[in-house]
Structure formats: structure tokens, C-alpha cells
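Undergrad: Generate coordinates for the sequence data below:
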Amino acid sequence: MPRVSKLSLPPLDWGKESIGQRAARIRKERGFTQVELAGKIGIVQTLVTDYETGRLRLTAEMAVRFAMALDVSLDELLHPNTAKTTARKPSRKVLRRLERIEDLPATQQTTLLRTIDTFLEVAALKTARRA
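TA: Numbering: from 1, shown residues only. As a prediction, the model looks like this:
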């Protein structure tokens with residue numbers, strides 16, 4: 001039976017989100033489902049849920065596995081106030097859509113990309129008006 005620590009350490013300030021919540025946010029930003037992340041790590045989906053909801057605590061090894069699977073540094077995964085130094089990567093959802101667009105005939109690609117460009121221009125104008 002493990003001994004109870006006699007150290008009285010001050011509590012850590014995890015900021016607005018726990019480690020599990022941070023892992024879930026990064027997973028969603030990367031466009032992974034829990035099942036996909038579990039497959040990359042080599043565990044079952046229910047364990048991903050348990051880590052993300054705080055029912056299980058990340059061991060050092062699991063933290064490394066999560067960081068590698070999510071393609072982030074351990075610092076970004078574990079530290080609440082780490083500023084992102086790397087450029088934001090496009091989500092897998094966006095990349096999947098781009099791959100499907102590339103499979104279209106050139107005329108359909110052009111039409112679709114013009115539509116997207118128009119939408120983005122309108123959105124940028126609306127954002128500029130609010131500022």
C-alpha cells in the first residue's frame with residue numbers, strides 16, 4: 001500500500017483548463033476523434049475519454065504518447081500558460097475536404113474555390129465592420 005506523502009506542496013494553478021481538457025481541446029483542433037486518437041496511441045477509446053474527463057491521471061509515459069500522437073510538445077500539453085510557438089496546423093477535417101476537392105475536375109475545383117474565396121471575403125468584411 002503506498003504511503004501518504006508528508007509534503008505540503010502548494011497547489012498547481014492549471015489555468016482555465018485541466019490537462020485532460022487541454023488534451024481534448026488540442027485533439028479537436030487537430031481534427032481527431034477519440035477513436036482515431038486512441039488508435040494512434042495504442043489504447044481504447046474509453047481510456048481517452050477517462051483521461052480527457054479527469055477520471056484517470058496521465059502518467060509520464062501516457063503524456064508522452066498523447067503529445068506524440070497529437071504532434072505537440074509536452075510543454076504545450078502539460079503547461080497551462082505555454083504560448084504556442086509553432087504555427088497552427090490545419091485540422092484533419094479541412095485536410096480531408098481539400099483532398100476531396102483535389103479529386104474533382106478542374107472546372108469544378110475552380111468554381112468551388114471561387115465560392116470559398118467569396119465567402120471568406122464577405123466574412124472578413126463583416127469582421128472588419130465589428131472591429
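
Undergrad: got a list of what the residue most central in space within the chain touches?
TA: Among the residues of the chain, the one closest to the centroid is residue 26, at 1.8 Å (CA atoms, centre = their mean). Residue 26 is in contact with 70, 72, 76-77, counting by CB atoms under 8 Å, 6 or more residues apart in numbering. To be clear about C-beta, it is placed using only N, CA and C from the backbone, and glycine gets the same treatment.

Undergrad: Show me the two of these that sit farthest apart.
TA: 70 and 76 (8.8 Å; CB to CB).

Undergrad: Okay, now the unreliable bits of this structure?
TA: Residues of the chain that meet the criterion pLDDT under 70 lie in 1-2, 12-14, 80-89, 131.

Undergrad: Mind splitting the protein into its structural domains?
TA: For the chain, automatic domain parsing gives the domain ranges 19-78, 92-130.

Undergrad: Ok, which of the ones you listed comes nearest residue 9?
TA: When the domains of the chain are compared by CB to CB, domain 19-78 sits nearest residue 9, at 15.7 Å.

Undergrad: chain center to that closest one: distance?
TA: 9 Å (CA atoms, centre = their mean, to the nearest Å).

Undergrad: Give me the nearest residue to residue 22, chain neighbours excluded.
TA: Counting by CB to CB, 6 or more residues apart in numbering, residue 77 is the residue found nearest to residue 22 once chain neighbours are left out, at 6.5 Å.

Undergrad: In helices, which of the contacts of residue 26 appear?
TA: 70, 76-77 (DSSP state H).

Undergrad: and which of those is nearest residue 64?
TA: Nearest member of the ones in helices among the contacts of residue 26 to residue 64, counting by CB to CB, is residue 77, at 9.1 Å.

Undergrad: hang on, isn't that closest one packed against residue 63?
TA: Yes. Residue 77 is within contact range of residue 63, at 6.3 Å (criterion: CB atoms under 8 Å).
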